[in-house]
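Trainee: structure, please.
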Amino acid sequence: MSELFDVQVNEFMAKVIAKNPGETEFHQAVKEIVESIMPFVQENPKYSNKKILERMVEPERVILFRVPWVDDKGEIQVNRGYRIEMNSAIGPYKGGLRFHPTVNLGILKFLAFEQVFKNSLTTLPMGGGKGGSDFDPKRKSDNEIMRFCQSFMTELQRHIGPDTDVPAGDIGVGGREIGYLFGQYKRIRNEFTGVLTGKGINWGGSLIRPEATGYGAVYFAEEMLKTRNETLKDKIVTISGSGNVAQYAVEKLIHMGAKPVTLSDSSGFIYDPDGIDMEKLQFVLHLKNVKRGRIEEYALKYNVKYYEGQRPWSVKCHVALPCATQNEINKEEAEELMLNGCYVVSEGANMPSTPEAVEVFLKSKILYGPGKAANAGGVATSGLEMTQNSMRLPWTREEVDQRLHQIMINIHETCVKYGTEQNGYINYVKGANIGGFIKVADSMIDQGVI
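Mentor: Numbers count the residues shown, from 1 in each chain. Sure, this is the predicted structure:
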């Protein structure tokens, strides 16, 4: 980047930081986008003259509310609820709800901002939003979670709808929580609509939705490898996380002939040099989704090593799939991945690599798929669920998987179109950012200054 662009980026970021103090994750997300697209914006004055970037970093609406609920001891608890409605230029706000004690305004604004570009890349008519609460579902009973969800939706329902804002799940919000949220929405509004995605199959959900983010990250890795005339077959893969995304990434990797060897949770990671097969995966599914236990139990059952308090990026691999949370790969871990032979990173989580780690990946010229492209499969299938709800017509598992696969191929093609550099290297960060920006920016210009 030239000195002129450095100055422009720094000036832009100074204004963003001044207006959003303390929101470090949001600053990080904005800077990564701005560094990629500032040269493109300056080369196309219609975007700079219309102040598109300045408008994009401001949410259209920020909703913050109190969530009181009663625990099993009869004591009143109070949490904080949020919904960030970031951009609706190409469709209703779309993005997940996260229930986790780390949730705050800055994290949700970063996620909502990323969601705008991710949703645009899918080519489906979805704007960007995100929401959640600092509520911690761990060690809560089903009744406590139900009461919390009902209180949360009692306030949120006035701000959402199938043509306005369609939330989904995220960390801490799975099928159980979506069910309780949907039930309360239906009770209050007296309507059965596609207002949430990730619903149960019996009441409007889409087949493949639970698997979609993990499947999509694997499909994207496969497309990146094709640019080097390779496939995932026989590749050793390290994966972080052991929730929804990681579980189904493992499943798709097994089907494609790869060898997943790690899983993790907030306490540490397991390394299984023999590979995680379908039988072992079934154990993980029961452990995490039913028993809600810790991944250490896998190590005890299968007699493999458990690394307490560590992340799996020290393990030798060809492919890494970070599927846990933001900023889980730092510079040192990225360098260790490179030394250990990793040359493909496909992000299943949102912004799991720090800016310094991303710089290591790009300098090393590896195949690096950023989250807004690589993990777009989840929201893409949410979009397909919205379509099925509007049609009142469900599709088969094969139909949904085929559409998901094609969307991931299309996203990859967009990244290649806008990210291929003069030396032939595909900068997927640049490609995803510019590709996602153009559709939203053009729509904002078409709709005037609103």
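Trainee: C-alpha from now on. contacts and neighbour counts both.
Mentor: Noted.
Trainee: tell me the pLDDT at Met1?
Mentor: With respect to pLDDT, Met1 scores 49.
Trainee: got phi/psi on Ser443?
Mentor: When read as degrees, to the nearest 10, the backbone of Ser443 gives phi -70, psi -40.
Trainee: contacts only, for the closest residue to it other than its chain neighbours.
Mentor: In space, and not counting its chain neighbours, Ser443 is closest to Ala89: 5.8 Å by CA to CA, 6 or more residues apart in numbering. The contact partners of Ala89, taken as CA atoms under 8 Å, 6 or more residues apart in numbering, are 127, 440, 443-444, 447.
Trainee: which SSE is Ala89 in?
Mentor: Assessed by DSSP states H and E, Ala89 sits outside every helix and strand.
Trainee: hang on, the earlier thing: list buried residues within the contacts of Ala89.
Mentor: Neighbour counting with 16 or more other CA atoms under 10 Å marks 127, 440, 444 as buried within these.
Trainee: tell me which helix or strand the last one sits in.
Mentor: I take that to be Met444. Applying DSSP H and E as the criterion places Met444 in helix 428-446.
Trainee: may I see the buried residues of that helix?
Mentor: Neighbour-count burial for helix 428-446, counted by 16+ other CA under 10 Å, picks out 428-441, 444-445.
Trainee: again, but for stretch 360-374
Mentor: Under the neighbour-count criterion of 16+ other CA under 10 Å, stretch 360-374 has 360-362, 366-374 buried.
Trainee: which of the contacts of Ala89 lies closest to Ser48?
Mentor: The nearest member of the contacts of Ala89 to Ser48, counting by CA to CA, is Met444 at 12.6 Å.
Trainee: poorly predicted segments of this protein, please.
Mentor: 1-2 (pLDDT under 70).
Trainee: okay, now the domains of it?
Mentor: 3-56, 61-192, 212-374 (automatic domain parsing).
Trainee: report the longest helix in the chain, please.
Mentor: Ranked by number of residues, the top helix in the chain under DSSP state H is helix 397-419.
Trainee: how far off helix 428-446 does it point, in degrees?
Mentor: Angle of helix 397-419 versus helix 428-446, following axes from the mean of the first three to the mean of the last three CA atoms, to 10 degrees, is 90 degrees.
Trainee: using CSV, write out every CA atom in helix 397-419.
Mentor: Extracted in CSV, the C-alpha atoms of helix 397-419 (Å, rounded to 0.1, in the frame of the first residue of the first chain):
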residue,chain,number,x,y,z
ARG,A,397,-31.1,-32.7,2.1
GLU,A,398,-29.4,-33.3,-1.3
GLU,A,399,-31.0,-30.2,-2.8
VAL,A,400,-29.9,-27.9,0.1
ASP,A,401,-26.4,-29.4,0.1
GLN,A,402,-26.1,-28.9,-3.6
ARG,A,403,-27.2,-25.3,-3.4
LEU,A,404,-24.8,-24.7,-0.5
HIS,A,405,-21.9,-26.2,-2.4
GLN,A,406,-22.7,-24.1,-5.4
ILE,A,407,-22.8,-20.9,-3.3
MET,A,408,-19.4,-21.7,-1.8
ILE,A,409,-18.0,-22.2,-5.3
ASN,A,410,-19.6,-18.9,-6.4
ILE,A,411,-18.0,-17.1,-3.4
HIS,A,412,-14.6,-18.6,-4.2
GLU,A,413,-15.0,-17.4,-7.8
THR,A,414,-15.8,-13.8,-6.6
CYS,A,415,-12.7,-13.9,-4.4
VAL,A,416,-10.5,-15.0,-7.3
LYS,A,417,-12.0,-12.3,-9.6
TYR,A,418,-11.2,-9.4,-7.3
GLY,A,419,-8.3,-10.9,-5.3
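Trainee: show me what it is packed up against.
Mentor: Packing partners of helix 397-419 (3 or more CA pairs under 8 Å, 6 or more residues apart in numbering; DSSP states H and E): helix 212-226, helix 371-374, helix 377-391, helix 428-446.
Trainee: neighbouring contacts of that helix?
Mentor: 121-122, 206-208, 212, 216, 219-220, 223-224, 373-374, 376-377, 380-381, 384, 426-432, 434-435.
Trainee: follow-up on the earlier one: closest one to Val41 out of the buried residues of stretch 360-374, please.
Mentor: Lys372 (19.6 Å).
Trainee: wasn't Gly81 part of a helix?
Mentor: No - applying DSSP: H, G, I helix; E, B strand; the rest coil, one finds Gly81 to be strand, outside a helix.
Trainee: how close does the residue nearest the centre of the chain get to Ala217?
Mentor: For the chain, the residue nearest the mean C-alpha position is Asn350 (4.3 Å; CA atoms, centre = their mean). Using CA to CA, to the nearest Å, Asn350 is found at 12 Å from Ala217.
Trainee: now swap in Ile84 and tell me
Mentor: Noted for Ile84: a distance of 25 Å to Ala217, by CA to CA.
Trainee: neighbour count: these two, which is higher?
Mentor: Legend: neighbour count by other CA atoms under 10 Å for Ile84 and Ala217, higher for Ala217 (34 against 25).
Trainee: the more buried one and Gly377 touch, don't they?
Mentor: Yes - look at Ala217 against Gly377 with CA atoms under 8 Å: they come within range, at 7.1 Å.
Trainee: so what sits against both of Asn350 and Ala217?
Mentor: What both Asn350 and Ala217 touch, as defined by CA under 8 Å, 6+ apart, is the set Asn375.
Trainee: from Val400, how far off is Ile411?
Mentor: 16 Å.
Trainee: who's more crowded, those two?
Mentor: Ile411 (28 against 20).
Trainee: can you count the residues close to Gly378?
Mentor: Counted with other CA under 10 Å, the neighbours of Gly378 add up to 29.
Trainee: please name the residues that touch it.
Mentor: Contacts of Gly378 by CA under 8 Å, 6+ apart are 209-214, 216.
Trainee: repeat that with 7 Å
Mentor: Each residue near Gly378 by CA atoms under 7 Å, 6 or more residues apart in numbering is listed here: 209, 212-213.
Trainee: redo those as a markdown table? Include distance to Ile407 and neighbour count.
Mentor: Formatted as a markdown table, these follow (distance: CA to CA, whole Å; neighbours: other CA atoms under 10 Å):
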| residue | distance to Ile407 | neighbour count |
| --- | --- | --- |
| Arg209 | 14 | 28 |
| Ala212 | 11 | 27 |
| Thr213 | 12 | 29 |
